[in-house]
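# sequence? don't have it. structure:
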């Protein structure tokens with residue numbers, strides 16, 4: 001069991017965000033893909049499929065979820081999300 005200080009440190013390292021991906025870098029047939037980048041989950045969304053305003057609001061919500069302790073990354077203890085969903 002972790003103490004509260006350790007749990008806060010873990011949450012500080014965890015991160016999740018949405019970024020736009022140009023069509024030429026997106027796998028064919030996908031408009032969103034999960035990408036893990038050194039402890040950060042990035043949701044890559046095909047450019048033009050989401051407004052900047054929506055992305056910014058979603059990123060603010062995601063950061064609140066992470067920093068309030070409602071999000072927990074367990075990838076060191078199991079499978080990582082696929083880079084390219086099937």
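Now that the structure is in, tell me what you want to look at. Note that this is a predicted model, so its numbers are computed, not measured. Numbering: from 1, shown residues only.
# Show the residue spans covered by the helices in this protein.
Ranges of helices within the chain are 4-13, 52-67, based on DSSP state H.
# where among those is the average confidence lowest?
When the helices of the chain are ranked by mean pLDDT, helix 4-13 comes last with a mean of 51.
# Can you give me the distance of residue 68 to residue 62?
Here residue 68 is placed at a distance of 11 Å from residue 62 (Cβ to Cβ, to the nearest Å). Just so you know, the C-beta spots here come from the backbone N, C-alpha and C atoms, and that holds for glycine as well.
# Those two: which has the busier surroundings?
residue 62 (17 against 9; other Cβ atoms under 10 Å).
# I'd like to know how far that one sits from residue 27.
Per Cβ to Cβ, residue 62 is found 22 Å from residue 27.
# Likewise for residue 19?
Going from residue 19 to residue 27 by Cβ to Cβ gives 15 Å.
# do residue 38 as well
According to Cβ to Cβ, residue 38 stands 21 Å off from residue 27.
# ditto for residue 47
Per Cβ to Cβ, residue 47 is found 14 Å from residue 27.
# For burial, what's the neighbour tally of residue 65?
If you count neighbours by other Cβ under 10 Å, residue 65 ends up with 14.
# let me fix that: residue 21
Residues within reach of residue 21, counting by other Cβ under 10 Å, total 20.
# Setting aside sequence neighbours, what's the nearest residue to it?
Nearest residue to residue 21, sequence neighbours excluded (Cβ to Cβ, 6 or more residues apart in numbering): residue 44, at 4.1 Å.
# what are the bridge partners for that neighbour, then?
Beta-bridge partners for residue 44, by DSSP bridges, are residue 19, residue 33.
# quick one: it and residue 35 touch, right?
Yes: counting by Cβ atoms under 8 Å, residue 44 does reach residue 35; the two are 5.3 Å apart.
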